[in-house]
Every structure is written in structure tokens, then in C-alpha cells.
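Participant: Quick one: sequence plus predicted model below, questions after.
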Amino acid sequence: MLLCSTLACTYREPEVYADIENVRAKPGTHLMAVAVKYLKWQWPNGLIGFPNPGVPKVLKQEARIYLVDAHHSDDLTKITVSFDPRKYSNIAPLILGWEEDVLYFGVFDPTASAKENSPIQYYKWSNEQGLQEIATVPMQLAYQPNIGPIPDGVFVRYSKGHDTVDVQTERHPDWIRNAFQVDPVTGELQPREG
């Protein structure tokens with residue numbers, strides 16, 4: 001009986017899952033904002049998973065926003081917002097764009113229906129004022145289009161994978177592959193080594 005109750009309440013070692021949700025480049029700069037969904041979870045062992053052994057217990061859930069410069073990749077700014085996994089079963093951070101030097105982003109519940117497709121919360125961030133929760137976002141937010149003809153002057157283009165970002169700029173017309181990559185152990189966005 002003791003063995004059965006022990007097996008029913010055990011979990012495997014915690015694991016990290018981190019996925020790049022979206023990227024937006026600031027017009028006329030080499031600056032990009034990268035939204036990363038971060039989860040720390042444990043998969044169940046034994047009977048605790050009955051009747052669905054494929055659902056992990058979420059220990060920590062964060063929206064991580066990284067501001068990165070394509071040419072100064074070691075200069076990262078990280079903005080973190082935590083969400084209680086008991087209240088929100090799933091989150092999806094989304095970069096919306098800039099208004100001058102203010103970055104706007106939202107965190108959404110991807111499991112909500114189309115009628116409920118409002119954000120969990122909108123945010124704005126700037127160097128001067130830091131992170132602030134807001135109720136609405138400006139109608140005209142700027143970001144560098146990632147398609148169409150190559151723009152004149154300073155620009156950055158990107159190609160996003162599930163855990164990597166490739167970049168192209170006017171200084172590097174050939175793509176820099178894996179310029180930024182999510183570390184599979186820590187879930188942190190890191191510049192390419194070398």
C-alpha cells in the first residue's frame with residue numbers, strides 16, 4: 001500500500017521549455033524585441049497521471065522579452081513578467097511594436113476562443129520608466145516590415161525559428177545564422193558564440 005501511494009505522488013525532475021513566440025525590429029535601428037515563452041514543468045510518474053499521463057505540472061510560467069542589438073549582441077535587456085500557472089494554463093507573449101522609444105507588448109491566452117481573444121495584460125516598457133501595465137495600446141505602433149524590398153539606410157531583418165533568430169542588416173547582407181538562440185537548460189536568450 002505504501003509503494004502505491006508513493007508512486008501515485010511522484011514527479012520527474014523539473015524541465016525547462018522555452019519557445020520564441022515572435023520578433024519585431026524597431027525601424028531605422030538594429031534593435032529587435034524577442035518574445036520568449038518560458039515554462040518550468042514536471043511530468044508525472046505512476047498513477048498520478050491517471051487518466052491523462054501526458055499533462056505536466058507547471059511550476060513556473062513567464063513572458064520574457066529581450067531587447068537585442070543585431071551588432072552588439074552581448075548587450076541584452078531582459079524584461080520578465082511571471083504568471084501564476086494555477087490561474088493561467090497557458091500564455092503567449094506578443095511584441096506589438098514601438099512608439100518612439102517605448103516598446104509595447106501583450107500577453108495572451110492562446111487557449112481562449114476568438115471571442116475571448118483579449119490579452120491577459122498589455123505592457124509598455126522604456127529605459128526611463130521601466131515596465132508598466134496598461135489598459136490599451138496606441139493604434140499606430142511602428143515596427144520594421146520583415147518582407148518586401150530591402151529598405152534604404154539602417155535596418156534589421158530576422159528569421160525566427162522555435163529557438164533561434166537569424167538576422168540580416170545593411171552591414172551584413174548575408175544572413176547571420178543563429179545570431180540569437182534560446183539556451184535549452186536555462187531558457188535564456190543568448191547571442192551566438194564566436
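Facilitator: The structure has been received and is ready for your questions.

Participant: now the spatially most central residue of the chain, what's its secondary structure?
Facilitator: Central residue of the chain (Cα atoms, centre = their mean): residue 36, 1.4 Å from the mean position. Following DSSP: H, G, I helix; E, B strand; the rest coil, we place residue 36 in the strand state.

Participant: Quick check: closest non-adjacent residue to it.
Facilitator: Take residue 36 and drop its neighbours on the chain: the residue closest to it by Cβ to Cβ, 6 or more residues apart in numbering is residue 64, 4.3 Å away. C-beta here means a position set from N, CA and C on the backbone, and glycine is covered the same way.

Participant: ok, back up a step: so who does the residue nearest to the centre of the chain touch?
Facilitator: Applying Cβ atoms under 8 Å, 6 or more residues apart in numbering to residue 36 gives the contacts 18-21, 63-66, 93, 182, 187, 189.

Participant: swap the cut-off to 10 Å and go again
Facilitator: 18-22, 62-66, 78, 80, 93, 163, 182, 187-189 (Cβ atoms under 10 Å, 6 or more residues apart in numbering).

Participant: Who is it paired with across the strands?
Facilitator: Note on residue 36: beta-bridge partners by DSSP bridges are residue 20, residue 64.

Participant: burial of residue 68, as a residue count?
Facilitator: By other Cβ atoms under 10 Å, 27 other residues sit near residue 68.

Participant: Could you tell me the average pLDDT over the helix or strand where it lies, please?
Facilitator: Using DSSP states H and E, residue 68 maps to strand 57-69. For strand 57-69, mean pLDDT rounds to 94.

Participant: Check which element follows that strand along the chain.
Facilitator: Counting by DSSP H and E, the element after strand 57-69 in chain order, helix or strand, is strand 72-82.

Participant: Which other helices and strands does that following strand contact?
Facilitator: strand 31-42, strand 57-69, strand 102-108, strand 121-126, strand 130-134, strand 176-182, strand 189-191 (3 or more Cβ pairs under 10 Å, 6 or more residues apart in numbering; DSSP states H and E).

Participant: Name every strand pairing with it and say which way it goes.
Facilitator: Using DSSP bridges, the strands paired with strand 72-82 are strand 57-69 (antiparallel).

Participant: any idea how far the strand it pairs with is from the chain center?
Facilitator: Relative to its chain's centre, strand 57-69 lies at 6 Å (Cα atoms, centre = their mean, to the nearest Å).

Participant: follow-up on the earlier one: residue 155: which of the helices and strands packed on strand 72-82 is closest?
Facilitator: Residue 155 lies closest to strand 31-42 among the helices and strands packed on strand 72-82, at 10.9 Å (Cβ to Cβ).
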